[in-house]
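Trainee: Dropping the sequence and predicted coords here.
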Amino acid sequence: MTGDAASEGGAPEWLTNLAAAAATMDVPRYVQPPASGGRPSAVLILFGESAEGPDLLYIQRSAGLRKHPGQPAFPGGSIDDGDDGPVAAALREAAEETGLEPSGVDVLAVLPELYIFRSGFRVTPVMAWWREPSEVHPVDIGEVAAVERIPLAALADPRYRFMLRGPSGHLGPAFSIGRMLIWGFTAVLTDRLLALGGWERPWDVTVTRELPVA
């Protein structure tokens, strides 16, 4: 799973191959954007490398937020007028939420736009390599309750995978790792990246759970 080592500080080959595949991936029907409407936003899908192998950066939103309270997510948010597109927005939001240093991040690909029907956000995922990892933490606990680097090996482990029924009644993939219950849009995207990257392991899709009541 660790793949080829990064050369001269560049992204490892397994990740550049994944970025190329993800940039042209098929968008599931239930997250396809409508012809018009929705608020443009961007998220940063940041791959790093630690002693436990490749990992992904997640945040857990604070429980008091109006939209997506308490829900794990990739760092990100709305694209502001002052942003130079989704890449700039994803990096800015990630820095504001986690304190990461954008200069240590190499952007590899901009993925197809997706849509979150519950909140009306049109989301552009930005995939990147954490060339020079920096310390991360919740910058504003009113918005972000936790910041976690989760190993891909854990995300691919069948013991932590199941189907979860969300507020709308829709069943979707989910992951329960440590303090993080990853579900909804973020879990769908994580699930898709595991499959595209060749990390997905057989897991029991008949195991279903209900979303815990806040």
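Mentor: Arrived safely. Computed from a predicted structure; not experimentally measured.

Trainee: show me what contacts the residue with the shortest distance to the centre of the chain?
Mentor: For the chain, the residue nearest the mean C-alpha position is residue 74 (3.7 Å; CA atoms, centre = their mean). Neighbouring residues of residue 74 by CB atoms under 8 Å, 6 or more residues apart in numbering: 43-46, 56-59, 125, 186, 189. All C-beta atoms are positioned from the backbone trio N, CA, C, and that covers glycine.

Trainee: Model confidence at it, what's the number?
Mentor: On the pLDDT scale, residue 74 is placed at 97.

Trainee: Mind jotting down where the strands sit in this structure?
Mentor: In the chain, the strands defined using DSSP state E lie at 39-50, 53-61, 72-73, 76-78, 105-110, 114-116, 121-130, 144-151, 161-165, 171-177, 180-182, 208-210.

Trainee: what's the most buried one of the ones you listed?
Mentor: strand 121-130 (a mean of 24; mean count of other CB atoms under 10 Å).

Trainee: Distance-wise, check residue 84 relative to residue 42.
Mentor: 11 Å (CB to CB, to the nearest Å).

Trainee: An error on my part: the question was meant for residue 165.
Mentor: Taking CB to CB, one finds residue 165 at 28 Å from residue 42.

Trainee: ends of stretch 146-159, how far apart?
Mentor: End-to-end distance of stretch 146-159 (CA to CA, to the nearest Å): 23 Å.

Trainee: contact partners of it?
Mentor: When contacts are defined by CB under 8 Å, 6+ apart, stretch 146-159 is touched by residues 1, 48, 50, 52-60, 97-98, 136-138, 160, 175, 177-180, 190, 194, 197, 199-204.

Trainee: quick one: it to chain centroid distance?
Mentor: Offset of stretch 146-159 from its chain centre (CA atoms, centre = their mean, to the nearest Å): 12 Å.

Trainee: swap in stretch 119-132?
Mentor: Distance, centroid of stretch 119-132 to centroid of chain: 7 Å (CA atoms, centre = their mean).

Trainee: same deal with stretch 47-62?
Mentor: With CA atoms, centre = their mean, you get 10 Å for stretch 47-62.

Trainee: Quick check, pLDDT for residue 6.
Mentor: Taking residue 6 on its own, its pLDDT is 47.

Trainee: residues contacting the closest residue to residue 122 other than its chain neighbours?
Mentor: Spatial nearest neighbour of residue 122, chain neighbours left out: residue 38 (3.9 Å); criterion: CB to CB, 6 or more residues apart in numbering. By CB under 8 Å, 6+ apart, the contact set of residue 38 is 115, 120-122.
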